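Asker: Could you look at this predicted model? Sequence included:
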Amino acid sequence: MNVEQLSAFRRELHRNPEPAFVEIGTAARIEQAIEGLPVSVLTGADAQHLAPVVNYPSASTLDEWTDRAVASGVPPKRAEYFRRNGTALVVDIAGNRPGPRWGLRVDIDALPMRESTDPTHFPVPNGFASTNGAMHACGHDANTTMGVGLLHRLSDHDFPGSLRVLFQPAEEGVRGAQTMLDAGVADDIDRMLAVHVAGDTPVGAVVGSFTGGMATRKLKVDFTGKASHAAGTPEAGRNALLAAAMAALAIMAIPRFGSVDTRLNVGTLVAGDGVNIVPSTATMTCEARATVDDTVDELVDRVRSIVEGSALAQGVSVSLALMGQSATVCPDDELVDLIIAAAKAQDAVDAVERTRSLAGSDDANLLIRHVQQRGGWGAYLMVGAASPGPHHSATFDVDERAIPLGIDILETLIRAAR
């Protein structure tokens, strides 16, 4: 793919963004973009295990996004396939001589937010702004394009070892990587990479790897009580809303740690049926984050104790489920050295930063840690993309020069492997 083709593909993805687990058109477009290449492709249960997913999109939501994909030009049979079987793709390409087995994670999902309609926002006058209520406000359209472009570059097989590109759904909310790990797709990878554009970094600047970050657990808590007339027989009811409200306040009051950076947040609370009914149900979502993996597990234990105690106090039952998770990341120095050498070999690179602390969470870290625990290497490459607006904002955009540069670095890294 030349520069114009890369740009056109990225803009097609940007025009048709899709949130977590409904990346139906995106998956079909990736499949179409690599058609005819000397690759093998895994999809469905071979690429991800969806059975344990909490709050997977409803049938009506899946139908809605399938219809949108078809309306945008996706062949109906392929849209229906990805609707039924999941949206992850795992694409393998082999080199012509012995070498390491590489893994590359690229995320494919968008955010459930509306894109700016300001005429100065570059996608608007150029005709590829989203109008479907979702937005590629974190650059996953560019990341996906790098993965597709790299497969095209390496289609001559003139490199050692092999490459497996993991097109991962549902990074937002850190929900998708575990579904792919559960399918075993990272078990035999020697060197695990993730790549992402950095909107707050100029084009031509590269970060060898993210480091640190925050381990996180995203939780869904369901309280179940008993409805009754709020005036006539209030004593007969069991108030799920009160239990949830007590729990929410107590969660936000969990003490912070003196030696570890932690975060807690109650994000949503939906409860009740009517103003004159004792609420019989309540659903709360919350998250815990920490810069140490063991600490986030301790935070979750405290959350569990709180919700169980609040439920007991109100005479209701409660269940807690894990919706998403991630770990911290500690890149391997040997791999970071190789990334930096590959970056410095590019004429378009004018600044190289060895590592940068990750402020948030990304479940690519689970894939990296999985490979490291089996004796492999891992790192998370960042490529400057000079966005006019911050990540997750309505004015986020990428300077498309970042896309071929990211591919150049990855190609040099893999071709020079030993």
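Answerer: Happy to help now that I have it. Residues are numbered from 1 along each chain as shown.
Asker: Sketch out the strands for the stretch 251-400 of the chain, chain order is fine.
Answerer: 262-271, 281-290, 317-326, 351-357, 377-384 (DSSP state E, counting those that start in this stretch).
Asker: do you know which of these lies nearest residue 142?
Answerer: strand 377-384 (8.5 Å; C-beta to C-beta). Glycine gets a C-beta too; all of them are placed from N, C-alpha and C.
Asker: could you point out which element follows the closest one?
Answerer: Downstream of strand 377-384, the next assigned helix or strand under DSSP states H and E is helix 402-415.
Asker: How about residues contacting that next one?
Answerer: With contacts defined as C-beta atoms under 8 Å, 6 or more residues apart in numbering, helix 402-415 is touched by 3, 6-7, 10, 102, 104, 142, 145-146, 149-150, 153-154, 158-161, 163, 193, 195, 197, 203-204, 206, 338-339, 342-343, 345-346, 348-349, 381, 383-386.
Asker: Can you flag which of the residues you listed belong to helices?
Answerer: 3, 6-7, 10, 142, 145-146, 149-150, 153, 338-339, 342-343 (DSSP state H).
Asker: And the pLDDT at residue 123?
Answerer: On pLDDT, residue 123 comes in at 98.
Asker: before we move on, what about residue 358?
Answerer: On the pLDDT scale, residue 358 gets 85.
Asker: What of residue 417?
Answerer: pLDDT at residue 417 comes out at 85.
Asker: Contacts only, for it.
Answerer: Residue 417 neighbours (C-beta under 8 Å, 6+ apart): 99, 100, 102, 159, 160, 161, 191, 338.
Asker: I'd like those residues laid out as TSV, including pLDDT, neighbour count and distance to residue 234.
Answerer: What follows is the contacts of residue 417, written out as TSV (pLDDT from 0 to 100; neighbours: other C-beta atoms under 10 Å; distance: C-beta to C-beta, whole Å):
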residue	pLDDT	neighbour count	distance to residue 234
99	97	19	71
100	98	18	67
102	98	27	63
159	98	22	71
160	98	16	73
161	97	18	69
191	98	25	62
338	98	21	67
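Asker: Out of those, which sit inside strands?
Answerer: 99, 100, 102, 160, 161, 191 (DSSP state E).
Asker: what's the spacing between the closest residue to the fifth one other than its chain neighbours and residue 150?
Answerer: Distances taken as C-beta to C-beta, 6 or more residues apart in numbering place residue 99 nearest to residue 161, at 2.8 Å, with adjacent residues excluded. Applying C-beta to C-beta, to the nearest Å, one obtains 16 Å for the distance of residue 99 from residue 150.
Asker: Write the PyMOL selection for whichever of the ones in helices among the contacts of helix 402-415 are buried.
Answerer: Here is the PyMOL selection string for the buried members of those, based on 16 or more other C-beta atoms under 10 Å:
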select buried, resi 6+7+10+142+145+146+149+150+153+338+339+342+343
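Asker: Please, which helix or strand holds residue 209?
Answerer: Applying DSSP H and E, one finds residue 209 within strand 205-211.
Asker: who does that strand pair up with?
Answerer: Take DSSP bridges as the rule and strand 205-211 pairs in its sheet with strand 351-357 (parallel), strand 377-384 (antiparallel).
Asker: For residue 239, give me its contacts.
Answerer: If you count contacts by C-beta under 8 Å, 6+ apart, then residue 239 has 225, 278, 279, 314, 316 around it.
Asker: which among those gets closest to residue 297?
Answerer: Taking C-beta to C-beta as the measure, residue 297 sits nearest to residue 316 out of the contacts of residue 239, at 25.7 Å.
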